[in-house]
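S.K.: With the input below, show me the fold.
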Amino acid sequence: MTNKTVFDVIDLGVNYLLSGYEKWGVDEVIDNKAEVFPNTILWQYGHVLSVFESALSLCEQNVVDVPYYSSIFGYGSSPENWGDQEIPSLDEIFSHIKTLPERARTLTDVQLSQELTETIAGCDTLDELLTLNAVHIPLHAGKIEEMTRVLKAHR
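M.R.: Numbers count the residues shown, from 1 in each chain. Coordinates of the predicted model:
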């Protein structure tokens with residue numbers, strides 16, 4: 001058995017998420033909406049980035065405007081509420097997602113052991129939150145794969 005670090009798991013999750021785009025044919029239904037899903041696939045990709053960037057912002061390592069991204073892609077948000085807001089393109093979202101593993105690897109032990117000001121999803125340190133994000137990425141990759149199949153079947 002191999003010993004995978006949280007960084008290796010983030011690598012695997014990001015690679016799976018990004019490689020699935022072409023493999024699953026996501027582009028055909030990226031903005032399609034179905035009653036059975038509260039959001040679009042574009043929202044799913046933006047959500048993964050938004051949540052990870054929120055964690056990185058705790059030590060000022062984020063590259064996107066976290067409050068803006070959270071308002072668009074955060075928990076409880078929906079494309080139905082975007083109105084006339086300028087929404088980041090999929091290319092922009094992907095360009096930032098691709099950098100997540102390397103940016104996570106640059107965090108120091110001091111930063112990783114940083115206590116959060118409040119418990120977030122059961123996590124008390126940035127390290128714990130990073131581990132949660134490592135699980136969060138493939139969770140949404142699976143959701144994107146599922147949504148793609150369902151949306152293609154209902155066109």
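S.K.: can we go C-alpha only for contacts and neighbour counts from here?
M.R.: Will do.
S.K.: count of neighbours near residue 87?
M.R.: Here the number of neighbours of residue 87 (other C-alpha atoms under 10 Å) works out to 17.
S.K.: Select the longest strand from the chain.
M.R.: When secondary structure is assigned using DSSP state E, the longest strand within the chain turns out to be strand 115-120.
S.K.: Please enumerate the helices of this protein.
M.R.: Counting by DSSP state H, the chain forms helices over residues 6-24, 41-57, 66-73, 90-97, 100-105, 109-112, 126-153, given from the N-terminal end onward.
S.K.: Convert the shortest one to PDB, retaining C-alpha atoms only.
M.R.: Okay, so that is helix 109-112. Presented in PDB, the C-alpha positions along helix 109-112 are these (Å, rounded to 0.1, in the frame of the first residue of the first chain):
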ATOM      1  CA  ASP A 109       3.600  23.800   8.300                       C
ATOM      2  CA  VAL A 110       2.900  27.000  10.300                       C
ATOM      3  CA  GLN A 111       0.100  27.900   7.800                       C
ATOM      4  CA  LEU A 112      -1.300  24.400   7.800                       C
END
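S.K.: Buried residues, the longest strand of the chain. List them.
M.R.: For strand 115-120, a neighbour-count test (16 or more other C-alpha atoms under 10 Å) marks 115, 116 as buried.
S.K.: Lovely, talk soon.
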